[in-house]
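K.L.:
This is a predicted model, with the sequence first.
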Amino acid sequence: MKVTDRRIWVSLVSALIFGLSAVSVLSSRVNINMAFIPSFFGNELALKVFLLLAGILLLYDSFGFHSLSGRMKLSSIIAGFLLASLGAFPLLNQFGMLNFLPFIVEFDLTPSVLAGLLLFYSLYLLWDVYLLIRE
């Protein structure tokens, strides 16, 4: 693929933003000050929104692009739904949009776990960009 392809740039920018957010959260957990990263990247709400966006981006990539044999990657679809739900359920619960349910939804993961997932996905996106450029 050409470097001017839109998919490469969207993946690269997304990987950088998601990686900055994850590094900001993880560095604040171990009391390291990253002054060059804006403080809103380390916010727990921003982390959940970025996880939701990461899941949507992965779903878009998995449904939009097929392998050489014409098949979609089922693992990418499952991972996309997992990332999107890990970002969406805490957001919906935080804003009280799940209060209509007859049971209490208790879905609580620490921000460090969410940041680890986001960091792993941003590294995956960087690897994907490298493979796309190499083609």
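P.N.:
Here it is on my side, so go on.

K.L.:
who's in contact with A84?
P.N.:
51-52, 54-56, 58-59 (Cβ atoms under 8 Å, 6 or more residues apart in numbering). Using the backbone N, CA and C atoms, a C-beta is placed for each residue, glycine as well.

K.L.:
Could you list which of these belong to helices?
P.N.:
If you go by DSSP state H, those have 51-52, 54-56, 58-59 in helices.

K.L.:
which pair in those spans the largest distance?
P.N.:
L51 and L59 (12.7 Å; Cβ to Cβ).

K.L.:
Out of those two, name the residue with the larger neighbour count.
P.N.:
A direct count of neighbours by other Cβ atoms under 10 Å for L51 and L59 places L51 higher, at 28 against 17.

K.L.:
Number of residues surrounding the residue nearest to the more buried one when sequence neighbours are not counted?
P.N.:
Nearest residue to L51, sequence neighbours excluded (Cβ to Cβ, 6 or more residues apart in numbering): G87, at 3.2 Å. Applying other Cβ under 10 Å, we find 23 residues neighbouring G87.

K.L.:
Please, where are all the helices along the chain?
P.N.:
Taking DSSP H as the criterion, the chain carries its helices at 6-29, 44-64, 74-94, 111-134.

K.L.:
just for the protein, where's the confidence low?
P.N.:
Low-confidence segments of the chain, defined by pLDDT under 70: 1-4, 64-72.
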